[in-house]
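Peer 1: next come a sequence and a model predicted from it.
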Amino acid sequence: MTQKGLLKLTTAAVVSSLIGLSGCTSSDSEAGIAPQTSGNGMECLYTSDFYMVHFTAYQNPKVKKPGVNYFRPLCQKLPDVGSTFVTIDLMDKDVREMPVAMRFVELDTEKSEGKNLVVKNVISEGPQQTSKFGVFETEVNFEEPGHYALYVLIGEEVFSDDDIVKIPFEVGAELDG
């Protein structure tokens, strides 16, 4: 077995364990989406079959909505359009030496179904980068409310969907609690 194959098996075992501890259902983990929870540290955690990424977004709009805590990290629902600061953390230390690219896309909600996300438009795409700490930051501008996703492409070449962590979220959404 190759070193990359062994790494993927190890990462898959860790992902399965953490998903089990977080209380995700099997349908949640199959979709690559960890549900938002309150305070157990697992919110905003997303996976492919081999990689695990923690996603955080912050917004600071010119006109703030009443009752919204803009200092709170966001992930599945973003309350406003406009400039959004995004951070991803690669959870597996072995993967931190691999190049990573971030691609923000607008989703076609009429054609997307479950795990099958259909891209309508590419909003922004950054170059491949590495980070010895596994933290990547960027700023993206969402001009319209709607359904979007961040595709985290891991490795020098993307060979399959296993090398992509897909992080769907809604912009201009009402926040829960």
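Peer 2: Thanks, I have it.
Peer 1: what's the helix or strand encompassing Y148 packed up against?
Peer 2: For Y148, the host element (DSSP states H and E) is strand 146-154. Using 3 or more C-beta pairs under 8 Å, 6 or more residues apart in numbering; DSSP states H and E as the contact test, the elements touching strand 146-154 are strand 82-90, strand 100-107, strand 164-171. Quick note: C-beta positions are derived from backbone N, CA and C, even for glycine.
Peer 1: okay, those strands in JSON lines with mean neighbour count and distance to T56 next?
Peer 2: As requested, the helices and strands packed on strand 146-154 are arranged in JSON lines below (neighbours: other C-beta atoms under 10 Å; distance: least, C-beta to C-beta, whole Å):
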{"stretch": "strand 82-90", "mean neighbour count": "18", "distance to T56": "5"}
{"stretch": "strand 100-107", "mean neighbour count": "20", "distance to T56": "13"}
{"stretch": "strand 164-171", "mean neighbour count": "22", "distance to T56": "10"}
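Peer 1: can you list those in TSV and add mean pLDDT and distance to N116?
Peer 2: Listed next are those as TSV, based on pLDDT from 0 to 100; distance: least, C-beta to C-beta, whole Å:
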stretch	mean pLDDT	distance to N116
strand 82-90	96	22
strand 100-107	96	11
strand 164-171	95	10
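Peer 1: using a markdown table, lay out these together with distance to Y148.
Peer 2: A markdown table is the format used below for the helices and strands packed on strand 146-154 (distance: least, C-beta to C-beta, whole Å):
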| stretch | distance to Y148 |
| --- | --- |
| strand 82-90 | 10 |
| strand 100-107 | 6 |
| strand 164-171 | 6 |
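Peer 1: what about stretch 87-99, start to end distance?
Peer 2: Start and end residues of stretch 87-99 are separated by 16 Å (C-alpha to C-alpha, to the nearest Å).
Peer 1: any idea how far it is from the middle of the chain?
Peer 2: In terms of C-alpha atoms, centre = their mean, to the nearest Å, the centre of stretch 87-99 is found 13 Å from the chain centre.
Peer 1: returning to what we had before: each with direction, which strands does the strand holding Y148 pair with?
Peer 2: In its sheet, strand 146-154 lies beside strand 100-107 (antiparallel), strand 164-171 (antiparallel), with partners assigned from DSSP bridges.
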